[in-house]
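> A predicted structure for the sequence below; I have some questions about it.
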Amino acid sequence: MYGGISNIGGTTCALNTLIQLITHSKHLYNAMITSFIYDNTSINDKRVIWHLTFICNALINSHSITPGGLVTLIYELFPDNFHRGEQMDIYELWLLLADKITEEVGTDKICELLHPKNINTEICDKVNANMKIINKSKYSPWLTHIQSIQLGVLKCLNNTCGDTPWNVEVYNSLEIDIPSKYTNINPLILDQLLLKNYIIEKLPEWKCDKCNNKGGIKQTQIYSLPKILMVVIKRFRMTEEGQLRKINTPLNISTSIKIDLNNTTSQYNLIGIANHYGQYGGGHYNAHVLENSKWICFDDLDHYEIDLDTYNIFINNKSAYMVCYELE
């Protein structure tokens, strides 16, 4: 069994949980070690991935570890986001660390995209141009493993206009909204909520910039999929009083999901769940991860096999906050 991680000051359990997800993902781990080559100078300009690689290798070899160097580095790199004595948010942490690793290991080369056959050349060229800007002309296995590309398309309903503005959207994770009006008659299923993002939506109040006609159709279209699908469940919602409130709506989590793209079906298998317990700005995180065909709970230094007959972590899960799927 992999090693555990010390919780420094009682506020780094989010980091511990994220590290367990990365370590237990063969694609993320391989992308990380493929992108990073150790030498005497790399400690200075590739500090995040240097620390992460060291920690992950220790965990894989069943050593428990205290990530003091990485924690100090996070406070140094992101002083506006994290402060000592305050709980870290795992989603914010993932976005910042994923971008920082991209910055550290990216080489001066444009990302190699496999363009869908049903997309015209003009759009493909614009996607290339946008990706060059977004990724600052950098390329790495890490980047291509975590990035998904989507097209946001708006279509005017005026038949004489037909204006179809669109934009390129790039994600290191996909967000899922929990419906504000929900009854317990039917359980919410995570992958069904995810696929709702790609259903055509009518916008009767939208006004076209070209003809000023009201009414449009919006659709988000998947352009390319990553090997790692980080799905974030938006469990915090702003109240009328301006307070962020935790949403404890239960979800059923599928152990595999299938996504159809360009006449090809891609299957993603669940490899990890990051759980949050408590309220916004505090509480506690732990990880449920798949290890050697068994589901293991990693709670800082503690770790044990989960008895799914007694505690089914996939049914009516009220704590899942970030879910990690891996391409089969």
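Looks like it came in fine.

> name the element Y304 belongs to?
Assessed by DSSP states H and E, Y304 sits inside strand 302-305.

> next: T102.
Following DSSP H and E, one finds T102 within helix 90-105.

> what of Q192?
helix 190-195.

> from the rest of the structure, what touches that helix?
For helix 190-195, contacts defined as C-beta atoms under 8 Å, 6 or more residues apart in numbering pick out 174, 176-178, 231, 233, 251-254, 257, 259, 320, 323. Where you see a C-beta, it was placed from the backbone N, CA and C, and this is true even at glycine.

> any buried residues in it, and which?
L190, D191, L193, L194 (16 or more other C-beta atoms under 10 Å).

> ok, I296 - contacts?
Taking C-beta under 8 Å, 6+ apart, one finds M1, Y2, H288, V289, L290, H303, Y304, E305, I306 in contact with I296.

> show me the shaky parts of the protein.
Applying pLDDT under 70 to the chain picks out residues 37-44, 110-111, 118, 182-186.

> try 90 this time
Along the chain, segments meeting pLDDT under 90 span 31-47, 102-145, 147-172, 174-226, 235-249, 258-266, 278-283, 328.

> from the centre of it, point out the most distant residue.
Largest separation from the mean C-alpha position in the chain: T160, at 40.6 Å (C-alpha atoms, centre = their mean).

> what's the burial count for the closest residue to that one other than its chain neighbours?
Ranked by C-beta to C-beta, 6 or more residues apart in numbering and with sequence neighbours excluded, the top spatial neighbour of T160 is C211, at 7.5 Å. C211 has 13 neighbours, counted by other C-beta atoms under 10 Å.

> pairing partners for the longest strand along the chain, with directions?
Longest among the strand segments of the chain by residue count, using DSSP state E, is strand 264-277. Strand 264-277 has these partner strands in its sheet, going by DSSP bridges: strand 256-261 (antiparallel), strand 284-291 (antiparallel), strand 320-327 (antiparallel).

> what kind of secondary structure is K181 in?
Under DSSP: H, G, I helix; E, B strand; the rest coil, the three-state class of K181 is coil.

> and V48, by the same measure?
Going by three-state DSSP: V48 is helix.

> please report how far the closest residue to it other than its chain neighbours lies from A31.
Sequence neighbours aside, K100 is the residue nearest to V48 in space, at 4.9 Å (criterion: C-beta to C-beta, 6+ apart). Going from K100 to A31 by C-beta to C-beta, to the nearest Å gives 15 Å.

> ok, I8 next?
To A31, I8 is 26 Å away according to C-beta to C-beta.

> which one of these two has more residues nearby?
Neighbour count, other C-beta under 10 Å: between I8 and A31, A31 has more, with 24 against 18.

> tell me which residues in the helix or strand where that one lies are buried?
Taking DSSP H and E as the criterion, A31 maps to helix 26-35. Within helix 26-35, the residues that count as buried by 16+ other C-beta under 10 Å are H27, L28, Y29, A31, M32, I33, S35.

> show me the contacts for the fourth one.
In this case it means A31. S140, P141, W142, T144, H145, I146, K227.

> secondary structure element holding the fifth one?
Under the criterion DSSP H and E, the helix or strand holding H145 is helix 141-146.

> and the buried residues of helix 190-195 as JSON lines, adding distance to N128?
Converted to JSON lines, the buried residues of helix 190-195 look like this (distance: C-beta to C-beta, whole Å):
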{"residue": "L190", "distance to N128": "32"}
{"residue": "D191", "distance to N128": "30"}
{"residue": "L193", "distance to N128": "31"}
{"residue": "L194", "distance to N128": "27"}
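
> and the furthest pair within these?
D191 and L193 (7.3 Å; C-beta to C-beta).

> how about Y2: what's its closest non-neighbour residue?
Y2 sits nearest to L59 (C-beta to C-beta, 6+ apart), 4.6 Å away.

> got the phi and psi for the one you found?
Here is the backbone geometry of L59 (degrees, to the nearest 10): phi -60, psi -40.

> thought it was touching S6?
No: between L59 and S6 there is no contact under C-beta atoms under 8 Å: 12.0 Å.
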